[in-house]
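# sequence and predicted structure are below.
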Number of protein chains: 2
Amino acid sequence: MVIIPPMQRLTTQRQAILDLINTSNRHWDAEEVNRELSDRGQPVGIATVYRGLTALDEAGLISSVQLADRKRYERADKSHHDHMVCVECGSIEEFSHHKIEALQEAAAQEKGFELTGHQLVLFGRCAACTGVKK
Amino acid sequence: MVIIPPMQRLTTQRQAILDLINTSNRHWDAEEVNRELSDRGQPVGIATVYRGLTALDEAGLISSVQLADRKRYERADKSHHDHMVCVECGSIEEFSHHKIEALQEAAAQEKGFELTGHQLVLFGRCAACTGVKK
DNA sequence: GGTGGAATGATAACCATTATCATTACCACC
DNA sequence: GGTGGTAATGATAATGGTTATCATTCCACC
Ligand SMILES: [Mn+2]
Ligand SMILES: [Mn+2]
Ligand SMILES: [Zn+2]
Ligand SMILES: [Zn+2]
């Protein structure tokens, strides 16, 4: 059950950000969105990109992940999943394991914790990088 | 099997940082270590604190967690565990669930990923904060 | 006691993100 | 279709955590 606080206005700039993310499978950071929109001829100021990403995220129209240092955004029309990041090439893979989710909930309850979210990131070397070793 | 690259020198400053962390159960950030050491009358420059924490961490003498924004350090003589952070009061609880660890490994293998580490943080409201609700 | 590599600490730089603020766009209503 | 009010924009400054720089100090070893 996701609460969606209505965004006040879905402006041209925010629509552009939304379209960009919705028609890709990438995990975008603000800088990349800014650059890509410029390349496509509809530049949006970097501050507006940051605000737009936050607003769209809060509205549930896109979703976000905190990956190591920077925050990244992706399409919201996928079911919940977590991420593994290749420490060598930076590629991002997705996975989901309902048992892990269930066990997290169990661990929280054991401590009297009321879970509101979690962040699970696996680090390692992807298949490509382990195969092509050196 | 933990590889411990030898630190070149365990200086007075680094020993002070190490002692501070080893005799507490807290999760310290650099700023807190810096302030506490000053309060105790053995001030260590903030840059030295950052370098010391990194060096001690790499040497395996303390361990680190990336909690949301800042990096925090704790005693290394505990077995592996993950953390839940109360979004209301900031308190940190520890938990460990060997099944979660095992399932992470399984998920990684499924993708051909060679795991080197992971980061799991649960967010929510702690028992104290849910109980004393307003 | 001299010498070279490490470590220190003050400070500047970095970098992702947020705040400020004047300007512009959009909306509801008259 | 004007007009007033609120949101959004974008240039820019500021913030905050962390790393880089560099002159100085420390220390192990010859
Ligand atoms: Mn994803
Ligand atoms: Mn801990
Ligand atoms: Zn890779
Ligand atoms: Zn709490």
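Done, it's in. Ligands and ions are numbered 1, 2, ... in the order given.

# ligand 4 contacts on chain A?
By the rule CB under 5 Å from the ion, no part of chain A lies against ligand 4. All C-beta atoms are positioned from the backbone trio N, CA, C, and that covers glycine.

# could you pull out the helices for chain A?
Per DSSP state H, chain A carries helices over the ranges A:12-22, A:30-39, A:46-58, A:98-110, A:127-131.

# out of these, flag the one nearest ligand 1.
helix A:12-22 (11.3 Å; CB to the ion).

# so does that closest one get close to ligand 1?
No. Contact of helix A:12-22 with ligand 1 (CB under 5 Å from the ion) is absent, the minimum separation being 11.3 Å.

# got the angle between that helix and helix A:30-39?
110 degrees (axes from the mean of the first three to the mean of the last three CA atoms, to 10 degrees).

# check which residues of helix A:12-22 are buried.
Buried residues in helix A:12-22, defined by neighbour count with 16 or more other CB atoms under 10 Å in any protein chain shown: A:13, A:14, A:16, A:17, A:18, A:20, A:21.

# I'd like the residues you listed written out as CSV, with distance to DNA strand D and pLDDT added.
Below are the buried residues of helix A:12-22 laid out as CSV (distance: CB to the nearest atom of the strand, whole Å; pLDDT from 0 to 100):
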residue, distance to DNA strand D, pLDDT
A:13, 3, 97
A:14, 5, 97
A:16, 9, 98
A:17, 8, 98
A:18, 11, 98
A:20, 14, 98
A:21, 15, 98
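
# what stretches of chain A score poorly on pLDDT?
Scanning chain A for pLDDT under 70 picks out A:1-6, A:132-134.

# show me the domain layout of chain A.
Per automatic domain parsing, the structural domains of chain A span A:12-75, A:82-130.

# off-centre distance for the last one?
So that's domain A:82-130. Centroid separation for domain A:82-130 versus its chain: 13 Å, with CA atoms, centre = their mean, to the nearest Å.

# mind checking how far the residue in chain A that ligand 4 sits nearest to is from ligand 1?
When distances are taken as CB to the ion, chain A reaches nearest to ligand 4 at residue A:113, 8.9 Å away. According to CB to the ion, to the nearest Å, residue A:113 stands 25 Å off from ligand 1.

# could you measure that residue against DNA strand D, distance?
To DNA strand D, residue A:113 is 24 Å away according to CB to the nearest atom of the strand, to the nearest Å.

# find me whatever residue is spatially closest to that residue, sequence neighbours aside.
residue B:124 (4.7 Å; CB to CB, 6 or more residues apart in numbering or on different chains).

# who does that neighbour bridge with?
Residue B:124 has the following beta-bridge partners by DSSP bridges: residue A:115, residue B:86.

# next one: residue A:64
Beta-bridge partners, per DSSP bridges, of residue A:64: residue A:73.

# what's the burial count for residue A:60?
Residues near residue A:60, counting by other CB atoms under 10 Å in any protein chain shown, number 13.

# before we move on, what about residue A:111?
Residues lying near residue A:111 (other CB under 10 Å) number 15.

# and residue A:76, backbone torsions?
phi -100, psi -10 (degrees, to the nearest 10).

# quick one: residues contacting it.
A:60, A:61, A:62, A:63 (CB atoms under 8 Å, 6 or more residues apart in numbering or on different chains).

# spatially nearest residue to it (excluding sequence neighbours)?
residue A:63 (4.6 Å).

# surely residue A:34 meets residue A:44?
Yes. Judged on CB atoms under 8 Å, residue A:34 makes contact with residue A:44 at a distance of 6.7 Å.

# list residues touching both of these two?
Shared contacts of residue A:34 and residue A:44, defined by CB under 8 Å, 6+ apart, are absent.

# so residue A:101 versus ligand 3, what's the distance?
Distance from residue A:101 to ligand 3, counting by CB to the ion: 26 Å.

# if you tally nearby residues, what's the number for that residue?
The number of residues packed near residue A:101 is 17, by other CB under 10 Å.

# my guess is it meets residue A:80, correct?
Yes. Residue A:101 is in contact with residue A:80 according to CB under 8 Å; the separation is 7.4 Å.
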